[in-house]
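1. Next comes the sequence, and after it the predicted model I'd like to discuss.
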Amino acid sequence: MLAFASPSLAEIGKLRERLTPEVMAVVYPAGAERLGPEEGAPPAIAVFKDDKPVAYVFSTLDIVAATGYSTTPFDVIAGVDLEGRITGAKVVFHNENYIVHDRVRQRLLDTFLSREAGRPIRGAPANLLPPDFVAGATISARAMRAAVLATAALVLRPRVAHAAVTVPTLDVESYSAKSFDELVAEGAVVRRRVTSGEVAAALTQAGASSPKLEVPLRAKGDDLYIELITGLFTPPAIGGNLIGLPKFEDYKREQPSGSQAIFIASNGPYDILGTKYFRASEGNRFDRLRIIQDGRTFGFVQGDYTYAAGFRGQQNAGVFALAAGSGFDPVKPWRLELLVHGTGATPATVAFGLDYQVPDALVLKPAETEPVAVAPWVEAWSDARLNVAILTVLLATLTLIFLFQATLARHRLAHRLVRNGFLVIVLVWLGWTAGAQLSIVHVMNYLMAPFKHFEIGFYLAEPLMIIIACYTLISLVLIGRGVFCGWLCPFGAMQELLGQVSRALRVPQWNPSPALEKRLWMGKYIAAGVVLLLVMTEIDPSGATIEIEPFKTAITSKFTRAWPYLIYAGALLAIGLFSERAYCRFLCPLGGVLAALDRLHLLNLLKRRPECGNPCHLCERSCPVRAIEPSGEIKTSECFQCLDCQVEYYDDKRCPPLVWAAKLRAEEKKPAAAMVDHA
């Protein structure tokens with residue numbers, strides 16, 4: 001029932017059909033005399049009063065198709081009046097992992113969006129709710145708010161009159177979604193293919209005999225040497241479609257006002273970058289590229305270059321900036337030249353040009369440049385400064401625990417106090433207060449983001465989670481799975497603390513036989529494989545199978561969800577009262593992923609002696625999760641790094657090899673003592 005309960009998918013377009021009276025009452029509560037047709041670019045519906053348009057209603061899904069934490073775009077229907085104020089906003093579809101099927105968070109999200117009414121596109125009044133009002137789903141709330149503001153600006157730009165100018169000026173405001181092929185068809189992007197034969201012929205014509213090239217020519221004359229792709233990046237109608245509007249806005253925000261930018265990409269053995277741009281001795285110049293306009297030459301250095309990550313499979317892609325005072329005019333024709341340098345007895349440089357002029361449709365009467373709102377991920381880090389500081393201290397403490405684990409393990413009481421205290425902080429602050437519970441959802445989102453062409457802001461939009469994920473990855477490679485599973489997982493901390501209470505109350509404990517336990521261990525691998533397969537192949541587009549994790553119920557929602565989820569989470573915790581961390585050991589899909597990767601770890605900090613396993617089995621019996629084989633070997637993929645075995649290892653009152661060594665030392669001292677007494 002939990003696995004297959006999923007909302008219906010939203011349909012792009014047909015906004016009028018989704019604009020029900022209930023939605024309209026939220027989006028434009030002032031009441032409309034009538035609504036116009038859905039029209040324009042970007043599409044919107046005009047709201048009329050006194051037979052005049054006073055506002056426009058739009059859908060974020062139809063225009064920007066923004067995503068939050070889920071990879072599925074959400075649909076927020078909102079309105080904006082002619083003065084640039086939001087009239088209201090209502091989410092009608094989403095697949096946000098921490099809100100779907102959660103009535104409490106859904107009500108909080110609705111309240112959060114409704115309070116956007118009256119907000120100007122630029123600036124923020126003091127009475128707005130912060131994104132963390134939707135506790136545990138801050139990233140989703142922030143993404144929806146940002147999408148409403150960005151889409152409102154796009155809707156308003158072509159519909160509000162702007163001041164006229166006397167000279168042709170680049171339109172830096174209008175935007176409509178277009179494919180790469182459409183950009184090529186209209187001349188917004190141009191491309192040229194240069195073969196090895198063309199290069200050889202050009203060098204011969206230049207008088208270069210047998211020149212030495214940085215990249216040798218191919219064997220066949222018609223083999224590709226380089227394919228050039230370029231276009232003016234400055235207008236959002238081009239740049240926003242090349243790398244995605246959110247990433248384009250991030251780039252634009254960081255550039256000085258009035259600067260221009262050119263997009264350049266290449267394929268083939270010869271590339272646009274060369275090797276001199278990262279050498280200070282060469283002036284950090286890009287020696288293979290230059291722009292020619294009206295007899296002037298514009299070159300680039302390393303500081304002008306921004307890497308365009310993952311652009312449509314191109315081998316090299318970047319955005320090259322031209323300063324505001326450079327003299328470059330974006331509305332005039334220009335030429336990109338690729339330079340091929342031949343050295344030897346008769347050195348020569350040949351140029352291959354690619355002519356460009358911005359399409360006439362983008363040379364329009366401009367509007368004044370609007371300040372762009374702060375990127376959602378920047379806002380997220382700013383809001384999370386205190387939590388980031390606390391988490392930094394927590395992770396630094398954990399690092400010290402592992403660096404000095406031998407010292408800590410020599411003191412049984414100190415180890416127990418430190419471990420239990422740390423687990424309480426992880427559960428209460430990291431889990432219930434900060435809501436930073438790493439789960440299989442994060443693994444899937446991080447894996448799928450490059451294929452969804454998500455910008456860097458996607459990864460950075462949840463500060464605590466990205467810090468924990470990075471720390472987990474590093475510790476996984478160095479030590480193994482147990483650092484996260486044993487110390488940083490709030491749900492795991494809850495299970496262990498409840499297990500200690502259970503044992504203190506003398507609740508009977510059960511552990512399977514070694515043969516059965518090895519079969520049960522496979523459960524977490526199977527769970528991980530099934531969830532990853534179903535969600536990443538979109539067989540389960542709603543991600544309902546992720547509910548195999550009780551984290552949303554027990555940690556981020558703090559047991560405020562519907563009763564089926566409460567029963568499921570409660571049942572798992574109840575099982576853990578009779579078998580230590582049963583869910584972590586046998587069913588957790590995130591644990592399955594980490595355990596599979598544990599085999600890559602480089603260090604083993606857990607000490608062993610030759611007597612471990614033969615004849616001594618003290619550590620094996622003391623391991624709460626049975627991660628020590630009868631042979632004495634620690635199976636790190638099942639180890640939670642609790643250090644209980646190390647406490648036994650250093651205890652000279654319990655560890656048999658240490659006890660035997662102490663006895664031998666005592667016996668050696670007895671004869672000497674007897675001789676002294678006799679004397």
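-> Looks like it came in fine.
2. How about the secondary structure of Ala406?
-> Here Ala406 is recorded as helix under DSSP: H, G, I helix; E, B strand; the rest coil.
3. Was I right to think it contacts Val647?
-> No: if you go by Cβ atoms under 8 Å, Ala406 and Val647 don't touch, sitting 10.7 Å apart. Using the backbone N, CA and C atoms, a C-beta is placed for each residue, glycine as well.
4. Out of those two, name the residue with the larger neighbour count.
-> Taking neighbours as other Cβ atoms under 10 Å, Ala406 and Val647 compare with Val647 leading, 23 against 13.
5. Provide a list of residues in contact with that one.
-> Taking Cβ atoms under 8 Å, 6 or more residues apart in numbering as the criterion, Val647 is in contact with 409, 412, 415, 622.
6. residues near the second one, how many?
-> Residue crowding around Arg412 was assessed by other Cβ under 10 Å; the count is 16.
7. before we move on, what about the third one?
-> When neighbours are defined as other Cβ under 10 Å, His415 has 21 of them.
8. Helix, strand, or coil at it?
-> Quick answer, by three-state DSSP: His415 is helix.
9. Against Glu638, how distant is it?
-> As judged by Cβ to Cβ, to the nearest Å, His415 and Glu638 stand 21 Å apart.
10. Equivalent analysis for the first one, please.
-> Using Cβ to Cβ, one gets 20 Å for the distance from Ala409 to Glu638.
11. Which one's more surrounded, these two?
-> Glu638 (25 against 21).
12. quick one: pLDDT of the more buried one?
-> With respect to pLDDT, Glu638 scores 92.
13. Kindly report the same for the one 3 residues further on.
-> Model confidence at Gln641, given as pLDDT, is 93.
14. Can you name the residues that contact the closest residue to it other than its chain neighbours?
-> In this structure, Gln641 finds its nearest non-sequential neighbour in Gly482, 3.1 Å apart by Cβ to Cβ, 6 or more residues apart in numbering. Going by Cβ under 8 Å, 6+ apart, Gly482 touches 636, 639-642.
15. so where's the stretch 501-650 of the chain shaky on pLDDT?
-> The model of the stretch 501-650 of the chain has pLDDT under 70 over residues 541-543.
16. rerun at 80
-> 535-544 (pLDDT under 80).
17. Lowest pLDDT pick from the contacts of Val647?
-> Comparing these by pLDDT, Ser622 comes last, at 89.
18. how many neighbours does that residue have?
-> Around Ser622 there are 16 residues (other Cβ under 10 Å).
19. Repeat that for Thr60.
-> What Thr60 shows, counting by other Cβ under 10 Å, is a neighbour count of 25.
20. Same check on Arg191?
-> 14.
21. same deal with the one 10 residues further on?
-> Other residues near Ala201 come to 13 when the count uses other Cβ under 10 Å.
22. contacting residues around whichever strand or helix holds it?
-> Applying DSSP states H and E as the criterion places Ala201 in helix 196-205. Identification of contacts with helix 196-205 by Cβ under 8 Å, 6+ apart yields 211, 213, 217-225, 340, 342, 348, 350, 352.
23. Among these, which one sits closest to Gly68?
-> Leu224 (40.6 Å; Cβ to Cβ).
24. Could you list the buried residues of the helix or strand where Cys470 lies?
-> If you go by DSSP H and E, Cys470 is part of helix 463-478. For helix 463-478, burial by neighbour count (16 or more other Cβ atoms under 10 Å) applies to 463-469, 471-472, 475-476.
25. can you check stretch 575-589 too?
-> 575-577, 579-589.
26. got any ranges where the stretch 201-350 of the chain has weak pLDDT?
-> Ranges of the stretch 201-350 of the chain meeting pLDDT under 80: 208-210, 244-247, 249-250, 253, 307-314, 344-345.
27. could you pull out the helices for it?
-> 236-243, 245-254 (DSSP state H, counting those that start in this stretch).
28. Can you tell me which of those helices is most buried?
-> helix 236-243 (a mean of 23; mean count of other Cβ atoms under 10 Å).
29. quick check: angle from it to helix 245-254?
-> 120 degrees (axes from the mean of the first three to the mean of the last three Cα atoms, to 10 degrees).
30. which secondary structure elements does helix 236-243 contact?
-> On a contact count with 3 or more Cβ pairs under 8 Å, 6 or more residues apart in numbering; DSSP states H and E, helix 236-243 meets helix 180-185, strand 224-232, helix 245-254, strand 260-267.
31. Adding distance to Arg290, write those out as JSON lines.
-> Below are the helices and strands packed on helix 236-243 laid out as JSON lines (distance: least, Cβ to Cβ, whole Å):
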{"stretch": "helix 180-185", "distance to Arg290": "23"}
{"stretch": "strand 224-232", "distance to Arg290": "12"}
{"stretch": "helix 245-254", "distance to Arg290": "22"}
{"stretch": "strand 260-267", "distance to Arg290": "11"}
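32. quick one, which of the ones you listed is nearest to Cys616?
-> helix 245-254 (58.7 Å).
33. who are the neighbours of that closest one, in terms of helices and strands?
-> Using 3+ Cβ pairs under 8 Å, 6+ apart, helix 245-254 sits against helix 138-156, helix 236-243, helix 456-460.
34. For the nearest residue to Asp287 once chain neighbours are set aside, give me phi and psi.
-> In space, Asp287 comes closest to Lys276 once its chain neighbours are excluded; the distance is 4.9 Å by Cβ to Cβ, 6+ apart. When quoted as degrees, to the nearest 10, the phi and psi of Lys276 stand at phi -90, psi -20.
35. who touches Lys276 in this structure?
-> Here Lys276 is in contact with 282-287 (criterion: Cβ under 8 Å, 6+ apart).
36. Going by distance to Val530, which of the residues you listed wins?
-> Of the contacts of Lys276, the one sitting nearest to Val530 (Cβ to Cβ) turns out to be Phe286, at 48.5 Å.
37. what's near enough to touch His229?
-> For residue 229 the amino acid is Ile, not His. Ile229 makes contact with 189-191, 263-266, 314, 317 under the criterion Cβ under 8 Å, 6+ apart.
38. swap the cut-off to 10 Å and go again
-> Counting by Cβ atoms under 10 Å, 6 or more residues apart in numbering, Ile229 touches 180, 184, 189-192, 242, 263-267, 272, 311-312, 314, 316-317, 336, 354.
39. The residues you listed, buried ones only, as a PyMOL selection?
-> Command for PyMOL that selects the buried part of those, burial taken from 16+ other Cβ under 10 Å:
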select buried, resi 189+190+242+263+264+265+266+267+272+311+314+316+317+336+354
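40. State the distance from Phe286 to Phe298.
-> Distance from Phe286 to Phe298, by Cβ to Cβ: 11 Å.
41. if I look at those two, which residues touch both of them?
-> With Cβ under 10 Å, 6+ apart as the test, Phe286 and Phe298 both reach 304, 320.
42. Show me how far the helix holding Cys470 is from its chain's centre.
-> Here helix 463-478 is found 13 Å from its chain centre; the criterion is Cα atoms, centre = their mean, to the nearest Å.
43. by contact count, what packs against that helix?
-> If you count contacts as 3 or more Cβ pairs under 10 Å, 6 or more residues apart in numbering; DSSP states H and E, helix 463-478 packs onto helix 138-156, helix 376-383, helix 385-403, helix 440-448, helix 456-460, helix 482-483, helix 589-597.
44. Turn those helices into TSV, columns for distance to Ser257.
-> Formatted as TSV, the helices and strands packed on helix 463-478 follow (distance: least, Cβ to Cβ, whole Å):
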stretch	distance to Ser257
helix 138-156	17
helix 376-383	19
helix 385-403	28
helix 440-448	35
helix 456-460	22
helix 482-483	47
helix 589-597	45
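45. Compare those helices and say which comes out lowest on pLDDT.
-> Taking the mean pLDDT of these, helix 456-460 comes last: a mean of 70.
46. I'm done for today, thanks for sticking with me.
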